[in-house]
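> what's the 3D shape of this:
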Amino acid sequence: MEIISIIAIVRVSALVICMAIAAKSDYDNLMVPDSHWLNWSVIFVFLLFLEMILVSTSISNFYMIAALLAIFSIAFFEIPQIKNILEWKKFEFSLAFLYLIGLVGIIGGALENQNTDFISLVLGEESPETVLWWTLILSMLIISLYLIAWKSKIIQGGADVKALILLTITFPSWKFIPEPLFMQGEILFRLPPSLVMFVWAGLVFLLAPPVLIFYNYKNGNISSRHDIIMAWHSVKVPIDEIGSKPVWILTEILEEEDEIKEINRILPKTNYSMFDEIEEKKNILKSKGIESAWVASKHPFIVYLFLSLVPLLLIGDLFGIIASYF
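Here you go, the predicted structure:
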């Protein structure tokens, strides 16, 4: 087996472990510490660096690794401000140096590849050095899109964005992934791997509603039309079992004059916290004789990103496969 193939297997194995740990952390605690992504990034950058050595790529591509790390750092640290240079500490100087090396990779690569034939580039007929440099430039643009989506609150979770950025650094292109098991062969067009994982994760996410409906039906929680409305995104559990994990309690008591009504919200109130008010709400419901309530949990997207590794490695790019038939 070639060393490049071994590196690809190690990269995938490490990513599975990394995402499994992150998924468990997000599922259990609704957060993934920044140290997790930073520590694992060392491993994936080392593997990328090692592979570049083995393929004897151009020096500008090595500098481009610094460019990827520099833009990755924006998700964790503030960009050092030149106007405050007299107040910089060792960390700020180190970060600025990383930006500088990355800038050298961008400018140097642009000069080296200024005569690129983009048709040949798309067809993969340019030199490996040129293809890799443009691949890393595309990775930077994708990472920038993730950061913009996060800052614009299109993607809510910071951990989700950091995972997507790390995935982009780990798999800058399909050349860094073993050929999909069931869809081998020539495919003219493929989306970047991290975007494909994002799409697969979204499709896996769509499996949650039917699973929840089946769970509620099996446990006898569906007895009316309104129960069906609740069953696709929440579960009904005994009051005493609520509290082991943070949840939104969707069942409430509405008091109107002398009448008390039990109502179930499809969505929690905008100011309602998963971590606060749980015991208070439980006590109110129990005092009114309510034994069970509908609760909704956060569905950590990192869990779905972790699961998306399966179709990525088995099938690859769904859109690329569909496009190959037209």
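> could you chop this structure up by domain?
Per automatic domain parsing, the domain ranges recorded for the chain read 3-178, 208-296.
> how far is the last one from where the chain is centred?
The offset between the C-alpha centroid of domain 208-296 and the centroid of the whole chain comes to 29 Å, using C-alpha atoms, centre = their mean, to the nearest Å.
> mean confidence for it?
Across domain 208-296, the average pLDDT comes to 79.
> picking that back up, out of the domains of the chain, which is the most enclosed?
The highest mean neighbour count among those, using mean count of other C-beta atoms under 10 Å, belongs to domain 3-178: a mean of 16. The C-beta positions use only the backbone N, C-alpha and C, and glycine is treated the same way.
> mind checking the pLDDT average for it?
90.
> first-to-last residue distance for that domain?
Start-to-end span of domain 3-178 (C-alpha to C-alpha, to the nearest Å) is 13 Å.
> one more: stretch 22-38?
12 Å.
> ok, and what's touching stretch 33-44?
11, 14-15, 18, 21-22, 25, 69, 72, 76, 159, 162-163, 166, 169-170 (C-beta atoms under 8 Å, 6 or more residues apart in numbering).
> closest to residue 315 among the residues you listed?
residue 15 (16.9 Å; C-beta to C-beta).
> so what does that closest one look like in phi/psi?
Dihedral angles of residue 15 (phi, psi; degrees, to the nearest 10) stand at phi -70, psi -40.
> where along the stretch 101-250 of the chain do the helices fall?
Using DSSP state H, counting those that start in this stretch, the helices of the stretch 101-250 of the chain run over residues 118-123, 128-151, 158-170, 193-205, 208-218, 225-231.
> as TSV, the ones you listed with distance to residue 4 would be great.
What follows is the helices of the stretch 101-250 of the chain, written out as TSV (distance: least, C-beta to C-beta, whole Å):
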stretch	distance to residue 4
helix 118-123	22
helix 128-151	12
helix 158-170	15
helix 193-205	17
helix 208-218	38
helix 225-231	49
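> figure out which of the domains of the chain is closest to residue 200.
Of all these, domain 3-178 sits nearest to residue 200, with 11.4 Å by C-beta to C-beta.
> circling back to that earlier point, what's the closest of the domains of the chain to residue 313?
That would be, of the domains of the chain and by C-beta to C-beta, domain 3-178, which comes in at 6.8 Å.
> next one: that closest one to chain centre, how far?
14 Å.
> same question for stretch 294-312.
On the basis of C-alpha atoms, centre = their mean, stretch 294-312 sits 10 Å off its chain's mean C-alpha point.
> next: stretch 203-223.
Computed by C-alpha atoms, centre = their mean, the separation of stretch 203-223 from the middle of its chain amounts to 24 Å.
> and which of the contacts of stretch 33-44 is nearest residue 298?
Of all the contacts of stretch 33-44, the one with the least separation from residue 298 (C-beta to C-beta) is residue 159, at 11.8 Å.
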